[in-house]
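Asks: Turn this into a structure:
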Amino acid sequence: MALLDNGLKGNIVTGLAIGIGTAIVAPVVIPILASVAKPIAKALIKNGILLYEKGKEVFAETTEIVEDIVAEVKAELTETTENSAGQG
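Replies: Numbering: from 1, shown residues only. You can find the predicted model right below:
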């Protein structure tokens, strides 16, 4: 039982030390991290928007190509059907 009590006391003291240390260091560290993180966040968002716009452009071009191919196939099918009907 004494081992368990010592283990818990050690964990509580360690936890308190970490908490107090964090409370002391946080006001100094947070502004520094914020000044570094903001430009990185802006760059990530900017690149995300550019990638999204490029993706929309590529999708529109691909859709146009597929629509052209479908139109050509329909025209060929219509031509084939008309030729078959004319022969029979």
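Asks: which helices and strands sit right next to whichever helix or strand Val29 is part of?
Replies: Here Val29 sits within helix 2-87, counting by DSSP states H and E. The helices and strands touching helix 2-87, judged by 3 or more CB pairs under 8 Å, 6 or more residues apart in numbering; DSSP states H and E, number zero. Where C-beta positions appear, they are placed from N, C-alpha and C, glycine not excepted.
Asks: Now do that helix: distance to the chain's middle.
Replies: Per CA atoms, centre = their mean, to the nearest Å, the displacement of helix 2-87 from the mean C-alpha position of its chain is 1 Å.
Asks: Mean confidence (pLDDT) on that helix, please.
Replies: Helix 2-87 comes out with an average pLDDT of 87.
Asks: Make 59 the first number, not 1, from now on.
Replies: I'll keep to 59 as the first residue from here, and by that count the last item is helix 60-145.
Asks: what's the neighbour count on Leu135?
Replies: Residues within reach of Leu135, counting by other CB atoms under 10 Å, total 10.
Asks: Can you tell me how far it is from Glu122?
Replies: If you measure Leu135 against Glu122 using CB to CB, to the nearest Å, the figure is 21 Å.
Asks: Who are the contact partners of the spatially most central residue of the chain?
Replies: Geometric centre of the chain, nearest residue: Gly106, 7.8 Å, by CA atoms, centre = their mean. If a contact means CB atoms under 8 Å, 6 or more residues apart in numbering, then Gly106 has no contacts.
Asks: Check the gap between it and Gly113 for me.
Replies: Computed with CB to CB, the distance linking Gly106 and Gly113 is 10 Å.
Asks: Alright, that wraps it up for me.
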